[in-house]
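Participant: What would the 3D arrangement of this be:
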Amino acid sequence: MAATPDSPAASAPRRKVSRHRGEGQWAAGHFTPLNGNEQFKKDDDGLNVRTRIETVYSKRGFDSIDPNDLRGRMRWWGLYTQRKPGIDGGKTAVLAPEELDDEFFMLRVRIDGGRLTTRQLRVIGEISQEFARGTADITDRQNVQYHWIRIEDVPEIWNRLEAVGLSTTEACGDTPRTILGSPVAGIAEDEIVDGTPAIEEIHRRIVGNPAFSNLPRKFKTAVSGSPLLDVAHEINDVAFVGVEHPEHGPGFDVWVGGGLSTNPKLGVRLGAWVPLDEVADVHEGVVSIFRDYGYRRLRNRARLKFLVADWGPEKFRRVLEDEYLRRRLVDGPAPAEPAGRWRDHVGVHRQKDGRFYVGFAPRVGRVDGATLTKIAELAEAHGSGRVRTTAEQKMIILDVEEARVTSLVEALGALDLTAEPSPFRRGTMACTGIEYCKLAIVETKQRGSALIDELERRLPEFDEPITINLNGCPNACARIQVADIGLKGQLVLDDAGEQVEGYQVHLGGALGLEAGFGRKVRGLKVTSDELPDYVERVLKRFQAEREDGERFAAWAARADEEALS
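Facilitator: Predicted coordinates for the structure are as follows:
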C-alpha cells in the first residue's frame with residue numbers, strides 16, 4: 001500500500017538514506033577514484049615513472065622523488081623503499097611512511113617460470129655484489145630480491161638485467177605479477193603438459209601493456225603441467241593446472257580466486273579444460289574481468305578473491321565466456337592428487353632425455369651474490385647452462401649427465417646448498433622480515449635458519465615431510481595459513497610480562513593434498529626464544545600419537561588442544 005499523509009509510514013521519523021557509491025567497479029561506471037591509490041594511478045600510469053627515474057631521480061637523488069612515485073608508482077618497476085635500521089616492530093603501525101622509509105630500496109627481479117640461464121644468473125650475482133651489498137634472496141614466487149639499492153644505480157642495474165633478457169617490469173604494484181611455472185617444465189619424466197609456451201605468450205601480451213597496468217590490486221598467475229602440483233595453484237588469482245582430458249588429451253584445469261593475507265581464500269575450479277594454445281586467451285579474459293569488475297573502493301577488498309567469493313565460480317565462468325571470450329569453454333576433469341609429498345623438486349631426478357636435474361635447498365631462500373655466481377659456474381661445469389628457481393625458495397640445476405651428478409652434489413654441499421636436506425632444511429620458508437620490510441613486526445630469516453639448526457640437532461631421526469613457514473607480519477607472504485606449522489609474527493608477552501618478538505601459531509595447513517588452512521588454538525603464541533622448544537614438543541607429540549601413514553596436517557586437525565600447546 002502506498003503511503004498517505006495520515007498513514008503510519010508517513011508519520012514515522014524519516015531515516016537518512018545514505019547513497020552507496022558502489023565498489024569502484026569500472027564495469028558499473030564507477031570511474032571516480034575512491035582512495036589515494038586509485039587517484040595516483042589515474043593521475044599517471046605507473047609504467048611512466050621509469051622515465052622520471054632515469055632522467056630525474058637517479059641524477060638528483062632520493063630527496064627529489066615525488067611521494068606518489070616513491071610509495072606508489074615505483075613499484076611498477078620492482079622498487080619498494082626498505083625499512084630504516086633500528087626501528088622495532090612495535091613502531092611498525094605507529095610511524096608514518098616517511099619515518100619508516102630508508103633511503104635505499106628493495107628491487108625485485110622478475111623471473112617468470114623460474115627460468116634462468118647461467119649468464120643471467122651470473123649477472124644477477126654480479127649486480128648483487130656491486131650494488132646491493134651482496135644481498136639476493138630467492139622468494140616463494142621464483143623471483144630474486146635485492147636490498148640496499150640506491151636510486152642513483154637503478155638505470156645501470158636495468159641496463160645490465162635487460163642486456164641478458166631480464167627485467168623488473170611490474171614485479172610489484174597493482175599489476176600482473178611474476179608468472180609462476182613448474183621449474184622442470186619441458187624436462188620432467190612425469191609431466192602432463194609443458195606450460196612454457198603459455199607463460200611466454202601471457203608475458204608477451206600482458207607485461208608492460210598499459211591495458212593491464214592499472215588493476216585494482218596485484219594479480220598472481222600460476223601455470224604448471226606437473227603432477228606434483230608444484231606452483232601453489234590454490235592461492236593464486238588464476239592458475240592453470242595440468243590435466244588429461246578423457247577426449248581431448250593433455251591441457252589445463254582453470255582455477256580462480258585464491259589468495260592469503262589477512263583474509264585467506266582458496267581458489268575454486270571453473271570446471272573448464274583449456275588446451276595449451278588457448279591458455280593466454282583465458283588468462284587475458286580473467287585479468288580483464290579483474291580490471292573491469294574488481295573492487296576498487298577499499299584496498300582490503302580489492303583482490304580478485306573477493307569478487308569470486310561474491311559471484312561464485314558459475315557466474316564467473318559465465319561472464320568470462322559471454323563478455324570476454326565470446327565462446328564456451330570445454331568442461332574438464334579436476335587434477336589428480338599430487339604424485340608426491342614434496343613439491344619442491346629437491347634431490348636428484350631423471351629427466352625425460354636421460355640426463356638429470358639436481359634440486360638443492362638454500363636456507364630459507366637466503367643466498368648472496370657471490371654464491372649465485374658460484375652456482376652459475378657449477379651449472380656450466382656440470383650441466384648445459386640452465387638453472388631454475390622454485391616456488392618453495394629452492395633452486396635447480398638442469399641437464400646433468402649421470403657421471404657428473406655426484407661431483408655436482410658434493411660441490412653444492414661445500415657451498416651449504418645441500419641436495420639431500422633434512423625435512424627441516426627442506427620444509428622451512430621465511431619472508432623478508434623486519435630486517436628490511438616496513439610492514440614486518442619480527443625477524444624471520446635468521447630465526448628460521450637458527451630453527452633449522454636446532455631441530456636438526458634435537459630431532460636427527462625425524463624423516464616426515466614437514467613445512468614450517470615464518471612470516472614477519474599478518475600479510476602471509478610466506479604462506480603461514482597453508483603450512484604444517486605456520487608462524488605469524490607479532491609482539492607477545494614473555495614470562496616476565498615484557499613485550500618481545502614472537503609468533504601466533506597456525507597448525508595443519510596444506511596445499512595439494514587435502515588443501516586447507518591451518519588451525520589456530522586459542523591463545524597459542526610463543527616467543528621467539530621459545531620457538532625451538534615449542535616446535536620440538538609438538539613434533540614429538542605428533543610422532544607419538546600419529547596413526548600409520550598419517551600426515552602432520554591430519555594429526556593436527558584431530559589432536560586435542562593440549563597436544564598442540
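
Participant: what's near enough to touch residue 78?
Facilitator: Residue 78 makes contacts with 107-110, 168-172, as judged by CB atoms under 8 Å, 6 or more residues apart in numbering. In short, each C-beta sits where N, CA and C put it, glycine included.

Participant: what's the answer for residue 363, then?
Facilitator: 416, 425, 448-449, 452.

Participant: for residue 358, phi and psi?
Facilitator: Torsion angles at residue 358 (phi, psi; degrees, to the nearest 10) stand at phi -120, psi 110.

Participant: now swap in residue 361 and tell me
Facilitator: phi -120, psi 100.

Participant: In contact with it: list those residues for me.
Facilitator: 344, 346, 394, 417-419, 421, 425-426.

Participant: Return the distance of it relative to residue 367.
Facilitator: 11 Å (CB to CB, to the nearest Å).

Participant: Tell me, how many residues neighbour residue 269?
Facilitator: 17 (other CB atoms under 10 Å).

Participant: Look up the closest residue to it, ignoring the ones flanking it.
Facilitator: Excluding the flanking residues, the one nearest residue 269 by CB to CB, 6 or more residues apart in numbering is residue 255, at 5.6 Å.

Participant: How is that neighbour assigned, secondary-structure-wise?
Facilitator: Classification of residue 255 by DSSP: H, G, I helix; E, B strand; the rest coil places it in strand.

Participant: Dig out what it forms beta bridges with.
Facilitator: Applying DSSP bridges to residue 255 yields these beta-bridge partners: residue 239, residue 269.

Participant: pLDDT on stretch 446-460, on average?
Facilitator: Computed over stretch 446-460, the mean pLDDT rounds to 98.

Participant: Can you give me the buried ones in it?
Facilitator: The neighbour-count check on stretch 446-460 (16 or more other CB atoms under 10 Å) flags 447-449, 451-452, 455, 459 as buried.

Participant: Give the buried residues for stretch 532-543.
Facilitator: Result for stretch 532-543 [16+ other CB under 10 Å]: buried residues 532, 534-536, 538-539, 541-542.

Participant: whoops, I mixed them up, stretch 31-49
Facilitator: So for stretch 31-49, counting by 16+ other CB under 10 Å, buried means 33-34, 37-38, 40-41, 46-47, 49.

Participant: hmm, who's touching it?
Facilitator: Taking CB under 8 Å, 6+ apart as the rule, stretch 31-49 contacts 21, 24, 68-69, 72-77, 169-170, 173-175, 208, 210, 213-214, 296-299.

Participant: now stretch 443-459
Facilitator: So stretch 443-459 is contacted by 137, 363-366, 422, 424-425, 428-435, 462, 468, 470-472, 478, 489, 501, 528, 531-532, 535-536, 539-540 (CB under 8 Å, 6+ apart).

Participant: of the residues you listed, buried ones?
Facilitator: 137, 363-366, 422, 424-425, 428-435, 462, 468, 470-472, 478, 489, 501, 528, 531-532, 535-536, 539.

Participant: nearest residue to residue 238 other than its sequence neighbours?
Facilitator: The nearest residue in space to residue 238 (CB to CB, 6+ apart) is residue 286, at 4.6 Å.

Participant: Contact partners for the one you found?
Facilitator: Neighbours of residue 286 in contact, by CB under 8 Å, 6+ apart: 237-238, 256, 304, 320.

Participant: which SS class is residue 317?
Facilitator: helix.

Participant: go on, the one 10 residues further on?
Facilitator: Applying three-state DSSP to residue 327 yields a three-state assignment of coil.

Participant: Got phi/psi on the residue nearest to the spatial centre of the chain?
Facilitator: The structure's the chain has its C-alpha centroid closest to residue 141; by CA atoms, centre = their mean the separation is 4.4 Å. The phi/psi pair for residue 141 (degrees, to the nearest 10) reads phi -120, psi 30.

Participant: now do the same end-to-end measure for stretch 492-505.
Facilitator: 12 Å (CA to CA, to the nearest Å).

Participant: ok, residues contacting that stretch?
Facilitator: Here stretch 492-505 has contacts from 89-90, 441-443, 470, 485-491, 520-521, 524-531, 534, 564, using CB under 8 Å, 6+ apart.
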